[in-house]
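Undergrad: Okay, predicted coordinates and the sequence, questions at the end:
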Amino acid sequence: MSSSQLSPTRRIATALIPVATLSLAACGSLPFGSSPSTSSTPEATTAAPSPSATPSASASASASASASVTASATGAASATASGDPSAEATTNGLTPENSKGRELRLSDFQLPSSDISWEEKRYDVASTTNTMGVGTKLDWLHNGEIELRLANKFQKVTFNVGQANDSESSDLLVRVAVLADGKEIETVDVPFNDAHAFDVNVANVNALKITLTPITQKQEKPLIDDKSTTGVIFNVKAE
């Protein structure tokens, strides 16, 4: 049948079919047209992790700081455990345990806060040669004083006192005074060619002081012209 023979209604319907088809095609393309906008969302999500770099850096710094503090604490504990002297504020002082079976050295003595100078080295005293001791110069201006802090822990202290063979003068005497907690308990005058042995009871004694004073043969204080002698204390032991 030709189009000329169609009724007016069918002719209108036939004319509308292409328009409807195009409209449906256009409507169907809308979802596909919006797909680019939906694809942009993952891109935004992918870029989002970049701000997390700051927390990560902070966490790393915190972890490093914690590790440093832990390491420092561990090092300090190790130093204390190893007996490092720099890790302790005080020492134990002279005790029967750390002095047993040995001669005391200059570091065991409490030195006076004055200009008295003691030297620890090997001396020749009378017939005793090459003996380790502590010595000081004695003259019209200088006396000698040295002290042991015993903390009431010892029973006796033994030592020898004499004059070094290489002293400037051989005419002086050395007056040795021993004081226990400030009380003089023994005094001996030692001539040049002698080495006097002392055996001191120190039960219940804390401070044992030994003083050396030069005197002349007339028991007088020496003059500037009398030169000097070197007083030596050696073979010191505390028991």
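TA: The structure has been received and is ready for your questions. Numbers count the residues shown, from 1 in each chain.
Undergrad: ok, which stretches of this protein are strands?
TA: Shown for the chain, the strands assigned by DSSP state E span residues 119-125, 128-138, 144-149, 156-163, 173-180, 183-190, 195-201, 207-215, 229-238.
Undergrad: export those to JSON lines and tack on distance to K100?
TA: Every residue, glycine included, has its C-beta placed from N, CA and C. Output for the strands of the chain, formatted as JSON lines (distance: least, Cβ to Cβ, whole Å):
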{"stretch": "strand 119-125", "distance to K100": "20"}
{"stretch": "strand 128-138", "distance to K100": "18"}
{"stretch": "strand 144-149", "distance to K100": "15"}
{"stretch": "strand 156-163", "distance to K100": "13"}
{"stretch": "strand 173-180", "distance to K100": "22"}
{"stretch": "strand 183-190", "distance to K100": "24"}
{"stretch": "strand 195-201", "distance to K100": "18"}
{"stretch": "strand 207-215", "distance to K100": "18"}
{"stretch": "strand 229-238", "distance to K100": "9"}
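Undergrad: of all these, which lies closest to D108?
TA: Nearest to D108, of all these, is strand 144-149, at 7.0 Å by Cβ to Cβ.
Undergrad: Tell me, how many residues neighbour K209?
TA: Counted with other Cβ atoms under 10 Å, the neighbours of K209 add up to 18.
Undergrad: Pretty sure it sits against L150.
TA: No - using Cβ atoms under 8 Å, K209 makes no contact with L150, being 11.0 Å away.
Undergrad: how far away is V125 from I210?
TA: As judged by Cβ to Cβ, to the nearest Å, V125 and I210 stand 15 Å apart.
Undergrad: who's more crowded, the two?
TA: Ranked by neighbour count (other Cβ under 10 Å), V125 and I210 place V125 first, with 27 against 23.
Undergrad: what's across from the closest residue to the more buried one other than its chain neighbours in the sheet?
TA: Spatially, and ignoring its direct neighbours in sequence, V125 is nearest to G162 (3.9 Å; Cβ to Cβ, 6 or more residues apart in numbering). G162 forms beta bridges with A195, V232, as assigned by DSSP bridges.
Undergrad: and if you look at N201?
TA: Where N201 sits in a bridge, its partners, by DSSP bridges, are K156.
Undergrad: where's it relative to T131, distance?
TA: Taken as Cβ to Cβ, the span from N201 to T131 is 25 Å.
Undergrad: repeat for N98
TA: In terms of Cβ to Cβ, N98 sits 22 Å off from T131.
Undergrad: now do Q217
TA: 26 Å.
Undergrad: quick one, which of the two is more surrounded?
TA: A side-by-side neighbour count of Q217 and T131, using other Cβ under 10 Å, places T131 first with 16 against 10.
Undergrad: show me what contacts the nearest residue to N130 once chain neighbours are set aside?
TA: Nearest residue to N130, sequence neighbours excluded (Cβ to Cβ, 6+ apart): R122, at 5.1 Å. Neighbouring residues of R122 by Cβ atoms under 8 Å, 6 or more residues apart in numbering: N130, T131, M132, G133.
Undergrad: for this protein, where's the lowest mean pLDDT among helices and strands?
TA: Taking mean pLDDT, DSSP states H and E as the measure, the helix or strand of the chain with the lowest value is helix 53-81, at a mean of 46.
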